[in-house]
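Student: Sequence below, structure please.
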Amino acid sequence: MTVAAAQIGIDPLHFRDFQYRGIALRNAGLKAELASFADKLNSCEKTMGRLTGSNDLLRTVVNLPPIPRGVREVGIGGVKENFDYGVSTRANALIASATLKLQSLYRDARLQRRSYDAIRRQYKMDEQLYRDLPAIDPVTSDLVSSPFGMRFHPILHIMLMHEGMDFAVNVGTKVHATGHGTVEYVGREGGYGNVVEIKNGFGYTTLFAHLEKALVRVGQRVERGQVIALSGDTGLSTGPHLHYEVRKNGIHVNPAGYFFSSKQFRRKILFKEIASIK
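Tutor: Numbers count the residues shown, from 1 in each chain. This next block holds a predicted model:
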């Protein structure tokens, strides 16, 4: 009887009402899940925004340019807000918005990953540069008896370019390597007297002259701060001192430009720790 009634359009037991109410409940549940999913996507967008800020900071630390704004803001195609997913208008809008955000987040994540890879590569290069850079005083002395630049030579009595710095120290004062490197030459060199020359990498070489005694040999690897010689008064000299030179790609540069304070080193160490976070 009931079957027959249903066949002619009569629903005495209200099966259709139960069915519609069930569908409505399921739809309401799906809408709630979609809304919750949209909230989570919004939270992910905020997190990605914070990561973008951190990424830009790290790029600055390792001397990489920031990612151009135009690259970050390239539009996402393929999904339109008015695309019909075959559901209600509200659910349709939620699905379209969520799909757009997912595509945008996926693209941002890939961009961030490539940027972090570039940061790590640059950091590795900078880490080696920080080690090799001739960045400390070669001796413990606050008295620079002759700076870098043109001067009236005290022995030859003519104007000559002084291609290094002279530190007034007693004979036997410990001389330190100013950066990591490999000893390239140990021996006598004209007016320089006894010298030690170190190849520091990245085009840098350092030379220590008028030494009393070398404590390293050719080919030896040395580290910044390591004692490599004792100062003296050999060669063309008016008295005990250390003559110190820095060359970049074979050109003499002012060593004073490479003396970093302890505060600057601590800052670099902090930056390196940040940059090493994976």
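
Student: which stretches of this structure form strands?
Tutor: 144-146, 149-152, 159-162, 165-167, 174-176, 181-188, 194-201, 204-214, 221-222, 227-231, 242-248, 251-253 (DSSP state E).

Student: and the third one, average pLDDT?
Tutor: Across strand 159-162, the average pLDDT comes to 67.

Student: Equivalent analysis for the longest one, please.
Tutor: Confidence over strand 204-214, taken as the mean pLDDT, stands at 96.

Student: Equivalent analysis for stretch 258-273, please.
Tutor: pLDDT averaged over stretch 258-273 gives 49.

Student: Quick check: residue 123 vs residue 218, distance?
Tutor: Distance of residue 123 to residue 218, given as C-beta to C-beta, to the nearest Å: 32 Å. Heads up, the C-betas are built off the backbone N, CA and C, glycines and all.

Student: Same check on residue 256?
Tutor: Counting by C-beta to C-beta, the gap from residue 256 to residue 218 is 28 Å.

Student: ok, now residue 146?
Tutor: Counting by C-beta to C-beta, the separation of residue 146 from residue 218 is 28 Å.

Student: cool, residue 231 as well?
Tutor: Distance from residue 231 to residue 218, counting by C-beta to C-beta: 20 Å.

Student: repeat for residue 188
Tutor: Distance from residue 188 to residue 218, by C-beta to C-beta: 14 Å.

Student: what's the answer for residue 238, then?
Tutor: With the distance defined as C-beta to C-beta, residue 238 ends up 29 Å from residue 218.

Student: and if you look at residue 166?
Tutor: With C-beta to C-beta as the criterion, residue 166 and residue 218 are 25 Å apart.

Student: Please apply the same query to residue 57.
Tutor: For residue 57, the distance to residue 218 - C-beta to C-beta - is 43 Å.

Student: re the thing from before, residue 166 and residue 218: which has the busier surroundings?
Tutor: Comparing residue 166 with residue 218 by other C-beta atoms under 10 Å, the one with more neighbours is residue 166, at 22 against 13.

Student: Give me the neighbour count for the residue nearest to residue 246 when sequence neighbours are not counted.
Tutor: If the residues on either side of it in the chain are set aside, residue 246 comes closest to residue 255, at 4.5 Å by C-beta to C-beta, 6 or more residues apart in numbering. The tally of other residues near residue 255 (other C-beta under 10 Å) stands at 24.

Student: Equivalent analysis for residue 202, please.
Tutor: The burial count for residue 202: 14, using other C-beta under 10 Å.

Student: Give me the phi and psi for it.
Tutor: Torsion angles at residue 202 (phi, psi; degrees, to the nearest 10) stand at phi 60, psi 30.

Student: Residue 143 touches residue 165, doesn't it?
Tutor: No. Using C-beta atoms under 8 Å, residue 143 makes no contact with residue 165, being 11.0 Å away.
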